[in-house]
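Engineer: sequence? don't have it. structure:
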């Protein structure tokens, strides 16, 4: 059967490849499901320093380990509850905190330990099913894909992954449509003019081409802190979430702060802040009120700062939760303490809860999946414990 160009483009758009001309830095992935609740997962690549983002200034040992890093309200951070303070780089999110639309879980991690490889840690985080020694029990698929497979009526007709990397958490048997270039495809000014001229009079593809060009101009794979990147991806995701999409996932880089963390971390926090505030503004009050955003990272960083004014790969870290569906204004934790004897291997924040338990309970409360299905299929082997009730 011979298809016309318009039929081909129409099918492409139906599959979500509306930005197929864009060499984006990271996938923006979406999927449909019944109901009104939304889940957005942001993977913070590079290992976010949870001890600097949500600072336990009430722990007397913090300043001893971190003489030059932020350690509480006296250094511009915002007190949250008398024990924890929020890094000054997230100042713009304080209205969300006061409105109960921002919260955190602290001293959390996956079972990944000791090897401290970004790639292995990210694979374990996105696979969602792993033994403590690093072996993934369901290698090749991801927990968000397995979630979709359990939701009756879920489909991925608007699933979209654009970029040179693919989120493992979307791999699996559930149909997820994705597109990514085979390599880096920079677009010249002449190329942009040609694409605009080609689709200027095409009502079907004009908007898609303009979106692709805008996102390509605002994103750069080699510059994770480039202004506008997070905002552009959040805008794109929000446009689909306002419509039929119920799941969205993308990643932000720039969290590997080995050197001069006081300079590097605020840039990454600025991107995260832009993403969250853009989602809130673009979704509007009603949809934002039905949305939970979970920002997760592969592992935490060392309790002690290093000789370069940064921190190295660690273990326990923090989870960021935002949205109108979130029971915010709280830091959920079983705090282990920062005395040397309380640290993991006497160097890292000791995890007291599996970060996947928080993800699992959020899925349970948002989409009605049973705890047994979550434990058997989505996050096998996870000790879920009691429901932290972070969803309203």
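Structural biologist: All right, it came through fine. Bear in mind that the values here come from a model prediction, so they are computed numbers and not experimental data.

Engineer: Count the neighbours of the closest residue to residue 370 other than its chain neighbours for me.
Structural biologist: Nearest residue to residue 370, sequence neighbours excluded (Cβ to Cβ, 6 or more residues apart in numbering): residue 364, at 7.5 Å. In this view, the C-beta of every residue, glycine as well, is placed from N, C-alpha and C. By other Cβ atoms under 10 Å, the residues close to residue 364 number 18.

Engineer: List the contacts of residue 364.
Structural biologist: For residue 364, the contact set (Cβ atoms under 8 Å, 6 or more residues apart in numbering) comprises 370-371, 374, 387.

Engineer: Can you verify it is assigned to a strand?
Structural biologist: No: counting by DSSP: H, G, I helix; E, B strand; the rest coil, residue 364 is not part of a strand but helix.

Engineer: returning to what we had before: from the contacts of residue 364, which two are the most distant?
Structural biologist: The two members of the contacts of residue 364 with the most space between them (Cβ to Cβ) are 370 and 387, at 12.6 Å.

Engineer: Residues touching stretch 335-348, excluding its own?
Structural biologist: Contacts for stretch 335-348 (Cβ under 8 Å, 6+ apart): 56, 59, 61-62, 65, 83, 106-107, 114, 300, 302-304, 314-316, 349-352.

Engineer: Okay, buried residues for that stretch please.
Structural biologist: By neighbour count with 16 or more other Cβ atoms under 10 Å, stretch 335-348 contains the buried residues 335-336, 338, 343-344, 348.

Engineer: one step back: filter the contacts of stretch 335-348 down to the ones in strands?
Structural biologist: Members of the contacts of stretch 335-348 lying in strands (criterion: DSSP state E): 106-107.

Engineer: picking that back up, tell me the most packed of the contacts of residue 364, by neighbour count.
Structural biologist: residue 374 (24 neighbours).

Engineer: so which strand or helix has the closest residue in space to that residue that isn't next to it in sequence?
Structural biologist: The shortest distance from residue 374 to any residue other than its chain neighbours is 4.6 Å, reached at residue 360 (Cβ to Cβ, 6+ apart). Assessed by DSSP states H and E, residue 360 sits inside helix 355-367.

Engineer: Pull the distance from that helix to the chain's centre.
Structural biologist: With Cα atoms, centre = their mean, to the nearest Å as the basis, helix 355-367 stands 15 Å off its chain's centre.

Engineer: which residues sit against the helix or strand just after that helix?
Structural biologist: From helix 355-367 onward toward the C-terminus, using DSSP H and E, the following helix or strand is helix 371-373. Contact partners of helix 371-373, identified using Cβ under 8 Å, 6+ apart, comprise 150, 360, 364, 384.

Engineer: Now with 10 Å, please.
Structural biologist: For helix 371-373, the external contacting residues (Cβ atoms under 10 Å, 6 or more residues apart in numbering) are 146-147, 150-151, 360-361, 363-364, 384, 387.

Engineer: Pull out the buried residues from the longest helix seen in the chain.
Structural biologist: Looking across the chain with DSSP state H, the single longest helix is helix 261-288. Neighbour-count burial for helix 261-288 flags 261-262, 264-280, 282-283, 287-288 (criterion: 16+ other Cβ under 10 Å).

Engineer: Look up phi and psi at the spatially most central residue of the chain.
Structural biologist: The centroid of the chain falls nearest to residue 42 when counting by Cα atoms, centre = their mean (1.1 Å). For residue 42, the backbone dihedrals (degrees, to the nearest 10) come out as phi -110, psi 120.
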